[in-house]
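> No sequence on hand, only this structure:
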């Protein structure tokens, strides 16, 4: 059995806004959410800015009962808190109520697929002790971790909390593949719904990399922009003057379901999840292949999975990190995947305005793409002032672009540190 899959709920928390709609509005308007770091003292760092969420959103009344179920530390875990907020928005839009799948589907017919990263708290602890005490055995570090830290360090912690709070008893998956985590999680959810394993899936991702350990680590790799004098102009995908990406944080959650199921319960249809393509570069851990073949495989696979031709695609929401090799590799990958049609496709990068949300970027950018399809408007690539000659596509520079009559099909790309690639094919409602 293969079923059409639609989107019935969307939620997001990003440096641009506390909802999916407010995030999209600021993306469409070309606003930047990148600023000097406030969540820790970065005064001695080579990079002192990020896309950050300084004030965690207040959990809506919907989630008040959660405080009786989880420790305060569980709820204050930043990744989980952001996921809860985004999920509350998406679940309510899909017609759900807190703690129950009633009105949506039987609890065992709902899946949860989340993209997340884990273990960084342990790395920070080990690094801190190694600096202070020199060579400290791991077994001497672990007993001193705060109570409950082991559970929260696991990449699966946000999914564990969300499944409990939504009353989901179907398959639960956590995808942990760096920047493709949430794109891969959405693909997994698509496969489960399409195959009839479940009728509904909650899927997306959450991540919080604006931490001293991660900023310093990526800075040492030479991957981050150091444009400290003007953070809003630091993320410059496809621009010849780009000098690295900008770390960010946030969460994006979608509710997807079989079309006949959604129509049967009168759910809002916000867009269509047409297909997904996954691939691996089999190249270096830190770089995309210069010829773009790994990304091209994912894009071609998404089109094939959706039953589409290259000529059906009007827009690509690019991974567009603002790093030297990745932007060139993605450009070449688009050309390999779409052939001559690549010159007729608009491409833009949300990361130019909100930075790189890593494990959450695929979900948040898919949500932005669905809004773009809804409104017939392409979000711009901010700060694209001097195009790189090797990046020679139509990147919608500077300001948003309205598409007369709208458009029907778009791709959303996510390419991961370590070599994984994920492309989603999305359609207008």
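Sure, I can see it. Just so we're clear, the structure is a prediction, and the values are computed from it rather than from any experiment.
> Quick one: neighbours of residue 332, just the number.
By other C-beta atoms under 10 Å, 22 other residues sit near residue 332. For the C-beta atoms, the positions are set from N, CA and C on the backbone; glycine is no exception.
> and what of residue 316?
The number of residues packed around residue 316, counting by other C-beta under 10 Å, is 27.
> how much space between it and residue 180?
16 Å (C-beta to C-beta, to the nearest Å).
> ok, now residue 287?
15 Å.
> Please say which of those two ends up with more neighbours.
A count of neighbours by other C-beta under 10 Å puts residue 180 above the other of residue 287 and residue 180, at 33 against 15.
> for that one, phi and psi?
In this entry, residue 180 is assigned phi and psi values of phi -100, psi 10 (degrees, to the nearest 10).
> need the contact list for the nearest residue to residue 246 once chain neighbours are set aside.
The shortest distance from residue 246 to any non-neighbouring residue, by C-beta to C-beta, 6 or more residues apart in numbering, is to residue 355 (3.8 Å). With contact set as C-beta atoms under 8 Å, 6 or more residues apart in numbering, residue 355 has these partners: 15, 33-34, 50-51, 235, 245-248.
> With pLDDT, secondary structure and neighbour count as new columns, can the residues you listed be given to me in TSV?
Supplementary listing: the contacts of residue 355 in TSV, determined by pLDDT from 0 to 100; DSSP: H, G, I helix; E, B strand; the rest coil; neighbours: other C-beta atoms under 10 Å:
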residue	pLDDT	secondary structure	neighbour count
15	97	coil	24
33	98	coil	23
34	98	strand	27
50	98	strand	30
51	98	strand	27
235	98	coil	32
245	97	strand	25
246	98	coil	29
247	97	strand	28
248	97	strand	29
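> Reformat the residues you listed as JSON lines; add distance to residue 89.
Shown next, in JSON lines, are the contacts of residue 355 (distance: C-beta to C-beta, whole Å):
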{"residue": "15", "distance to residue 89": "16"}
{"residue": "33", "distance to residue 89": "18"}
{"residue": "34", "distance to residue 89": "23"}
{"residue": "50", "distance to residue 89": "23"}
{"residue": "51", "distance to residue 89": "19"}
{"residue": "235", "distance to residue 89": "25"}
{"residue": "245", "distance to residue 89": "27"}
{"residue": "246", "distance to residue 89": "25"}
{"residue": "247", "distance to residue 89": "24"}
{"residue": "248", "distance to residue 89": "19"}
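> which one among the residues you listed gets closest to residue 42?
For residue 42, the nearest member of the contacts of residue 355 is residue 50. The distance, counting by C-beta to C-beta, is 8.3 Å.
> where along the stretch 251-400 of the chain do the helices fall?
With DSSP state H, counting those that start in this stretch applied, the stretch 251-400 of the chain shows helices at 259-264, 293-306, 324-338, 351-354, 361-375, listed in chain order.
> Out of those, which is closest to residue 241?
helix 324-338 (10.8 Å).
> by contact count, what packs against the closest one?
helix 293-306, strand 409-415 (3 or more C-beta pairs under 8 Å, 6 or more residues apart in numbering; DSSP states H and E).
> Looking at the nearest residue to residue 179 once chain neighbours are set aside now. What's its pLDDT?
Taking C-beta to C-beta, 6+ apart, and ignoring the residues beside it in sequence, residue 179 has residue 416 as its nearest neighbour in space, at 4.0 Å. The predicted structure scores residue 416 at 91 on the pLDDT scale.
> Could you list which residues are in contact with residue 416?
Neighbour list for residue 416: 177-181, 422 [criterion: C-beta under 8 Å, 6+ apart].
> which of those residues sit farthest apart?
Comparing every pair within the contacts of residue 416 by C-beta to C-beta identifies 178 and 422 as the most remote, at 10.7 Å.
> The two: which is more packed in?
Using other C-beta under 10 Å as the criterion, residue 178 and residue 422 rank with residue 422 on top: 32 against 20.
> helix/strand/coil for that one?
For residue 422, the secondary-structure state derived from DSSP: H, G, I helix; E, B strand; the rest coil is strand.
> Does it have any beta-bridge partners, and if so which?
Partner residues in beta bridges with residue 422: residue 278, residue 414, with DSSP bridges as the criterion.
> ok, residue 99 to residue 168 distance?
Residue 99 sits 10 Å away from residue 168, going by C-beta to C-beta.
> Between those two, which is the more surrounded one?
Each of residue 99 and residue 168 had its neighbours counted (other C-beta under 10 Å), and the higher figure belongs to residue 168 (25 against 15).
> doesn't residue 111 make contact with the more buried one?
Yes - contact criterion C-beta atoms under 8 Å: residue 168 and residue 111 qualify, at 7.3 Å.
> bridging residues for residue 315?
With DSSP bridges applied, residue 315 shows beta-bridge pairing to residue 346, residue 410.
> Contacts only, for it.
So, once contact is read as C-beta under 8 Å, 6+ apart, residue 315 ends up touching 345-348, 369, 372, 378, 403, 407, 410-411.
> mind running it again at 7 Å?
Neighbour list for residue 315: 345-346, 372, 378, 407, 410 [criterion: C-beta atoms under 7 Å, 6 or more residues apart in numbering].
> Kindly report the same for residue 32.
Residues in contact with residue 32, defined by C-beta under 7 Å, 6+ apart, are 232, 353, 382.
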